[in-house]
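*Asks:* test case, fold it:
(chains A and B)
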Amino acid sequence: MSQTMTIQHRGFRSLKARFTLRWSFWAQTAFITILALALFGPIANLLIWTIAETWYFPHTLPNQWGLKYWQQVFNPYSDVSGSLITSIIIALCAVVVCLLVSIPAGYALSKHTMPWRVGFMLLFLIPQAFPNLTVYINIARIFYDWGLNGTLLGVVLVHSVHGLMYSVWISVAAFSSIDPMLSRASRNLGAGPIYTFIHVVLPQAAPGLIAASIFVFLESLDEFTGTFFVGAPEVTTLPLLLYTASMEGNYQISSITALILLIPSIGFMLIINKFMRPEMLSKLGK
Amino acid sequence: MAHLDIRQLQAGYGDKTILHDINLQVQKGEMIALLGPSGCGKTTLLNAICGFVPTQSGEVHIAGHEITLLPAERRNITMVFQSYALWPHMSVAQNISYGLKVRKIPKAQAHKRVLDLLSIINLEGFENEKVTNLSGGQRQRVALARALAVEPDVLVLDEPLSNLDAKVRLSVRHELKALQKKLGFTSLIVTHDQEEALVMADRVAVLNQGRIEQLGTPEDIYQQPQTPFVADFMGADNCIIYQASTPSVQLNLANAAATQKLALYFRSSAAELRTVSDRTEAGLTISGVIEQSAFLGQQYRHTLRSGDQILQADSRQCWPIASSVSLHVPPHALHVFDLATHETPPSFQSNSRG
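*Replies:* Down below sits the predicted model:
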């Protein structure tokens, strides 16, 4: 009697367990599906737009498919290829400017003996602390006085100010994660401080510096507000073109431009993933 | 004249003085061990000699030249680091030849020197290996070769063996000593391991709180410690404060006055356990009760209570717990310090070291 009771009891328990399992399985599936839709829905829409030649309002899918706009975009005389080159030149220059500042700054700030260390680190955060528009309108006003408005140099400087936060903070972390004994070993083998810096410190910090450069490059490639106030209309970068194209209702061109902007982001993210070592990340902001 | 001559050296970081009045003369080809507990300043002394810690006063001379104020790269003193400090972005050969490259020695000659050193440290054929692929013992040998490549005036070793596991440590220790004998380099080795210091060094300097407590041959340091601190640090970690009035303690020594208050130090291995006490025998006799015993392999270590003192004694025989015994230490194994002239080291107060 008691045996059958326990069997029944056990059966009920296993049924209940199976039900809980199934419920949590479906909940997980639903959650992931919604998440995927939220993440990939807009991207799917964008992808469709890139291969749509005509697509009118009530239709779920385009009326006419084709690669006409791709040819337009990659036409050597189109605005897109021109502004792509401008964007890349500006981004590379911003990377150079940021590295020139953040290598010495990062090395100095990684020394805990430096006075006002935290103050200097925070200084590079300040442009991010205020609303973007306020900062850029004021920069545009100052640059106007200096004749930098509408020049490549002006845009490079604006992008550098923006990128410095990433590059300085990441460089400090990169230099801090180097064992100070490595440079001591170099010093007592007869190498001076500069020789040591070039042959021991810099190669050790290189992965971090590369990661910092990638961040600056990507930030510059995507930057809109600063470019708009300082560069437009003389300097047209991809995001500016994207903006104008969308405003004119030319969704094909803007989708293709957005897709082009997406490629370096994804590619570099994979690279950064490799370079950002956990021991370096743990030194961020220290 | 001494090869390395340190005179009244005082050094530290910022306002903090860590080393006080260090005087040390090292002869050419001699190996000196700096021994002490952590925080005693032994690594700071090495760093001061290398030029990594600023000297506050005093002088350092090498082979007759003063180097007190020279930057690290102009001293020709090389260091072997506890963490090896090999450069992971260079191969074994690049690491070893770094100092030669800095000195602009021709490539062919530098390469020959690297191969010679690799054969000395028994790592032939490893020249193109990445240092990250080497084991701890191999890395430390590469670090040693790198430091020796430039033929330094003095080689300093900062706890070179403490990151290695026990077996490797013994073999690297042996190799290091053999190399030092063979090549005859002048060296200072920092260690907190008394056995390492005794085995490797020609002379040992025991440091405590930034001062040299005692400098002497390993035998001297071990058998004739001059201060309670040295006695305690060298393993004589049984300490009792003796007063003539204590009934359970009997001290028969030729030169000790009965009225003195004395600190007596002895090693657990020097103590002998007996069932009956002979209170007239020369040396120290204490009666007590066995509280604990632990098997150490060679012998048993017994914990003995006598009044409020806890003592350790080794015996080949395992004594039953709670048995009353008499502990005897012969006069030559006793280190006696008059408390009127010596301070007791801090470890006496806790008396918990085993």
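*Asks:* since we're on B:K101, how many residues are nearby?
*Replies:* 17 (other C-beta atoms under 10 Å in any protein chain shown). For glycine as for every other residue, the C-beta is placed from the backbone atoms N, C-alpha and C.
*Asks:* how about stretch A:247-255: buried residues?
*Replies:* Residues A:Y251, A:Q252, A:I253, A:S254, A:S255 are the ones in stretch A:247-255 that count as buried (16 or more other C-beta atoms under 10 Å in any protein chain shown).
*Asks:* mind listing what B:S269 touches?
*Replies:* B:Q299, B:D314 (C-beta atoms under 8 Å, 6 or more residues apart in numbering or on different chains).
*Asks:* now the closest residue to A:F124 other than its chain neighbours, what's its secondary structure?
*Replies:* Nearest non-adjacent residue to A:F124, counting by C-beta to C-beta, 6 or more residues apart in numbering or on different chains: A:V168, 4.6 Å away. Of the three states, A:V168 takes helix according to DSSP: H, G, I helix; E, B strand; the rest coil.
*Asks:* doesn't A:I103 make contact with A:V168?
*Replies:* No: assessed by C-beta atoms under 8 Å, A:V168 is found out of contact with A:I103, at 9.7 Å.
*Asks:* for the closest residue to B:E30 other than its chain neighbours, what are phi and psi?
*Replies:* Spatial nearest neighbour of B:E30, excluding adjacent residues (C-beta to C-beta, 6+ apart): B:D202 at 5.0 Å. Main-chain torsions, B:D202, degrees, to the nearest 10: phi -80, psi -40.
*Asks:* on that earlier part again, what residues are up against the residue nearest to A:F124?
*Replies:* Listed by C-beta under 8 Å, 6+ apart, the contact set of A:V168 reads A:V101, A:S102, A:A105, A:G106, A:L109, A:M121, A:F124.
*Asks:* the helices in the chain, which residues?
*Replies:* Looking at chain A here, since you left the chain open. Along chain A, the segments classed as helices by DSSP state H run A:2-50, A:68-74, A:79-110, A:117-123, A:126-129, A:132-146, A:152-176, A:180-188, A:193-196, A:202-222, A:225-230, A:238-247, A:251-275, A:278-281.
*Asks:* if you could check chain B rather than the one you did, that'd help
*Replies:* B:42-50, B:92-102, B:107-120, B:136-149, B:166-183, B:194-200, B:218-223, B:228-233, B:347-350.
*Asks:* now for those helices, which one comes closest to chain A?
*Replies:* Closest to chain A of the helices of chain B is helix B:92-102 (C-beta to the nearest C-beta; 3.6 Å).
*Asks:* could you confirm whether any residue of the closest one contacts chain A?
*Replies:* Yes: using C-beta under 8 Å from any C-beta of the partner chain, helix B:92-102 reaches chain A at B:Y98, B:G99, B:V102.
*Asks:* neighbours of the first one, how many?
*Replies:* Using other C-beta under 10 Å, B:Y98 is surrounded by 24 other residues.
*Asks:* my read: it touches A:L182, true?
*Replies:* No: with contact defined as C-beta under 8 Å, B:Y98 and A:L182 do not form a contacting pair (11.2 Å).
*Asks:* now for those two: what residues contact both?
*Replies:* B:W87.
*Asks:* residues contacting B:I96?
*Replies:* By C-beta under 8 Å, 6+ apart, the contact set of B:I96 is B:V114, B:L117, B:L118, B:V142, B:A145, B:R146, B:A149.
*Asks:* many thanks, I have nothing further to ask.
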